[in-house]
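*Asks:* just a sequence and a predicted model for now, questions to come.
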Amino acid sequence: MEGNTVSYWNKTAKKTEYPRLEKNLEVDILIVGSGITGITCAYCLAQKGANPVVIEAGGLCDGSTGNTTGKVTIQHDNVYSRIYKKYGMDFAKDYVESQSGALDFIRSRVKAESIDCQLTDSTSYLYAVTQEDMKLVEKEFDVAAGLGIDVEMIRKPDFPPDSIGMVALKNQAVFHPVRYVQALAKAAVSKGAKIYCDTKAIRVEDEDIKTVYCENGLVVKAKHLVMATQYPIYDGPNIFFTRLYAKRAYGIAVDAKRDWPDGNYISAGEPTRSIRTHVEDGKRILIVVGEDHATARGEDNTELHYENLIQFAGSLAGVNRVLAKWSAQDYETPDHVPYIGRISDHSNVYAATGFKKWGLTSGTLAGNMIADLITTGNTRYEELYSRKRGDYSSSIGKTVTEVAGSVGELIKSKFETTESIQNLKPGEGRVINFEGRKAGIYRDFDDHVTILDISCTHMTTELNFNVAERTWDCPAHGGRYSADGKLLEGPPKDSLKVLFQGSFSDLVVKKHR
Ligand SMILES: Cc1cc2nc3c(=O)[nH]c(=O)nc-3n(C[C@H](O)[C@H](O)[C@H](O)COP(=O)(O)OP(=O)(O)OC[C@H]3O[C@@H](n4cnc5c(N)ncnc54)[C@H](O)[C@@H]3O)c2cc1C
């Protein structure tokens, strides 16, 4: 799913197989997506006596959950100073309480279900390397302390190198995310849930009974539909199109040369650097994640993102060997608070998105909240995470600014320049002019080329080539396609149209005849 890289978590967990859906179904509750959100929701529902059905386009944890850093913490960058400023103390307190509840849920499930996922207590640090970052850190400390969070200010720390100060939040955790979700899925199934993989939802009809059409021609009818797919697969009230933007990030797992302190760290400023320790078979592994950028707007050579992380890991503890490298994306909202709940008043369609790379707690919370909404009609924190929260209207201006890039791409992309193909190297992709239209070309290592119509099938935004993953990525809403045009992830429903496939030499002759 994530191009030609595999995360450390997916590499080290034994793959669990679930069957694909083979017949039409009529169910009470359909959950689409088997990341931490969908599986937590299925588990909670099954525990309450419901029999939810989960369908998943790929395999369990194929999305961000399998490609995360695995920090389970309520320290979400400088979230508290941000939301306190925007929404005030009560809102910020509810945020702390709701996210802490999610952390407690994970701890309690690990115990109750005897889950072996290396859940380990860990202190979360938000650190500064510049005076500008230090102001953010100090502010976060003040607000967090005011909220009653047990935080400590550390000046001139020894680690990470170059840090000048950091705020520490004890009693947080790290885990192996794939092992956790696999075990929770198994527990959900034992309580009555059903999971089908390789079953992609492609269209939703939102009537009293929701009808979900799948790629394999099958249909699932459900009274309640939970979209645990990050970008919702159905946007009836048009709430998500201008209010979600995709951000990509990169990760590496490293066998390090030297020792380094325990704890999980994140930089307050740019470039983002997120650090944690994982212990596998008694050996300490250094995990470094970062290099965040809006999807399809990173370095031209995306390999550079990995090189930067490897260099950074080297500065922390030296690098013997890179054990895994991967990348993934998550969605953000204008005010950095997720959307969780019904997509419109009284609707039986539910979404959970905009986790801003903190979805291990927010997705857990979402799973719990949506299970409550379905079984009781209510849930605590509904307003906080609702799209209509607080003074939401005042964020609309910001929405437009922050997603202006996305919407602007729809227009700008139609006027960019093209290049010749003669010097195209194996493994390279680029935008060209092909038979009078703009297209995307990719040359593989067997000298075959594929030329694609690179208008995203979601909203026709022009795609950019991602060198590290060898994918075509959409800068607007994060749709991603393989080099031969197959849809990998994001809101689009269709793969790209192939304009030409053949040998590179044939193409060069054809083009210049
Ligand atoms: C690099 C990186 C590091 C991160 N680190 C952390 C961290 O340390 N701590 C933290 O709290 N959060 C972290 N996050 C965020 C966190 O990983 C995500 O927010 C969380 O995993 C989202 O879970 P999810 O279940 O909502 O989505 P996903 O895990 O993405 O699951 C969605 C699933 O839906 C499936 N799907 C999509 N469309 C369809 C369809 N049409 N039909 C059927 N199935 C479909 C996908 O295949 C996928 O399996 C990180 C994110 C990234 C990108």
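*Replies:* Done, it's in.
*Asks:* and the nearest residue to Thr461 once chain neighbours are set aside, its phi and psi?
*Replies:* Closest residue in space to Thr461, ignoring its immediate chain neighbours: Ala476 at 4.1 Å, by C-beta to C-beta, 6 or more residues apart in numbering. All C-beta spots, glycine's among them, are computed from the backbone N, C-alpha and C. With angles defined as degrees, to the nearest 10, Ala476 sits at phi -80, psi -60.
*Asks:* off-centre distance for the strand or helix carrying Phe312?
*Replies:* Here Phe312 sits within helix 303-317, counting by DSSP states H and E. Helix 303-317 sits 21 Å away from the centroid of its parent chain (C-alpha atoms, centre = their mean, to the nearest Å).
*Asks:* do the same with stretch 253-267
*Replies:* Centroid displacement of stretch 253-267 relative to its chain, using C-alpha atoms, centre = their mean, is 23 Å.
*Asks:* that stretch vs the ligand: in contact?
*Replies:* No. Figure legend: stretch 253-267 not in contact with the ligand (C-beta under 6 Å from any ligand atom); closest approach 7.7 Å.
*Asks:* ok, the residue nearest to Thr461 - how many residues close by?
*Replies:* Applying other C-beta atoms under 10 Å, we find 28 residues neighbouring Ala476.
*Asks:* measure it to Phe91 for me?
*Replies:* Distance from Ala476 to Phe91, counting by C-beta to C-beta, to the nearest Å: 30 Å.
*Asks:* same deal with Val254?
*Replies:* Val254 sits at a distance of 39 Å from Phe91 (criterion: C-beta to C-beta).
*Asks:* spell out the secondary structure type for the residue nearest the centre of the chain.
*Replies:* Geometric centre of the chain, nearest residue: Asp330, 2.9 Å, by C-alpha atoms, centre = their mean. Look at Asp330: counting by DSSP: H, G, I helix; E, B strand; the rest coil, its state is strand.
*Asks:* ok, it - contacts?
*Replies:* Neighbour list for Asp330: 64, 230, 246-247, 249, 355-357, 359 [criterion: C-beta atoms under 8 Å, 6 or more residues apart in numbering].
*Asks:* closest point of the stretch 301-450 of the chain to the ligand, which residue?
*Replies:* Using C-beta to the nearest ligand atom, the single residue of the stretch 301-450 of the chain nearest to the ligand is Gly359, 1.9 Å away.
*Asks:* could I get the pLDDT score of that residue?
*Replies:* Listed pLDDT for Gly359 reads 98.
*Asks:* does it touch Gly38 like I think?
*Replies:* No. Contact criterion C-beta atoms under 8 Å: Gly359 and Gly38 do not qualify, at 11.4 Å.
*Asks:* who has more neighbours, the two?
*Replies:* It is Gly38, of Gly359 and Gly38, that has more neighbours when counted by other C-beta under 10 Å, with 32 against 27.
*Asks:* thinking again about what came up before, does the ligand have contacts with the helix holding Phe312?
*Replies:* No. Helix 303-317 does not reach the ligand (C-beta under 6 Å from any ligand atom); its nearest approach is 10.8 Å.
*Asks:* mind giving me the packing neighbours of that helix?
*Replies:* For helix 303-317, the elements it packs on are strand 245-256, strand 283-294, strand 319-332, judged by 3 or more C-beta pairs under 8 Å, 6 or more residues apart in numbering; DSSP states H and E.
*Asks:* now do that helix, average pLDDT.
*Replies:* pLDDT averaged over helix 303-317 gives 96.
*Asks:* buried set for that helix?
*Replies:* Neighbour-count burial for helix 303-317 flags 305-306, 308-309, 312-313, 316-317 (criterion: 16 or more other C-beta atoms under 10 Å).
*Asks:* now do that helix against strand 245-256, angle only.
*Replies:* 50 degrees (axes from the mean of the first three to the mean of the last three C-alpha atoms, to 10 degrees).
*Asks:* and stretch 371-389, what's buried?
*Replies:* If you call a residue buried by 16+ other C-beta under 10 Å, then stretch 371-389 has these buried ones: 371-375, 379, 381-382, 384-387, 389.
*Asks:* and the contacts of that stretch?
*Replies:* Counting by C-beta under 8 Å, 6+ apart, 29, 41, 44-45, 48, 50, 87, 91, 94-95, 97-98, 224, 226, 239, 243, 337-343, 348, 350, 365-366, 368-370, 390 sit against stretch 371-389.
*Asks:* now, those that are in helices?
*Replies:* Those of the contacts of stretch 371-389 mapping onto helices are 41, 44-45, 87, 91, 94-95, 97-98, 365-366, 368-370, per DSSP state H.
*Asks:* where exactly do the helices run in the chain?
*Replies:* 8-12, 36-47, 79-87, 89-112, 131-146, 177-190, 303-317, 359-376, 396-412, 504-512.
*Asks:* now do the fifth one: which elements does it pack against?
*Replies:* It stands for helix 131-146. Applying 3+ C-beta pairs under 8 Å, 6+ apart, one finds that helix 131-146 makes contact with helix 79-87, strand 120-128, strand 151-155, strand 165-174.
*Asks:* give me the neighbour count for Ser347.
*Replies:* 16.
*Asks:* got the contact list for it?
*Replies:* With C-beta under 8 Å, 6+ apart, Ser347 has these contacts: 206, 236.
*Asks:* swap in Ile233?
*Replies:* Contacts for Ile233 were tallied using C-beta under 8 Å, 6+ apart; they are 32, 201, 204, 227, 491.
*Asks:* and if we set it to 6 Å?
*Replies:* Residues in contact with Ile233, defined by C-beta atoms under 6 Å, 6 or more residues apart in numbering, are 201, 227.
*Asks:* buried stuff in stretch 24-39?
*Replies:* Buried residues in stretch 24-39 (16+ other C-beta under 10 Å): 25, 27, 29-39.
*Asks:* please apply the same query to stretch 125-134.
*Replies:* 125-129, 133-134.
*Asks:* same check, this time on stretch 41-48
*Replies:* Neighbour counts over stretch 41-48 (16+ other C-beta under 10 Å) mark 41-47 as buried.
*Asks:* I'd like these laid out as JSON lines, including pLDDT and distance to the ligand.
*Replies:* Output for the buried residues of stretch 41-48, formatted as JSON lines (pLDDT from 0 to 100; distance: C-beta to the nearest ligand atom, whole Å):
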{"residue": "Cys41", "pLDDT": "98", "distance to the ligand": "9"}
{"residue": "Ala42", "pLDDT": "98", "distance to the ligand": "11"}
{"residue": "Tyr43", "pLDDT": "98", "distance to the ligand": "12"}
{"residue": "Cys44", "pLDDT": "98", "distance to the ligand": "14"}
{"residue": "Leu45", "pLDDT": "98", "distance to the ligand": "15"}
{"residue": "Ala46", "pLDDT": "98", "distance to the ligand": "17"}
{"residue": "Gln47", "pLDDT": "98", "distance to the ligand": "18"}
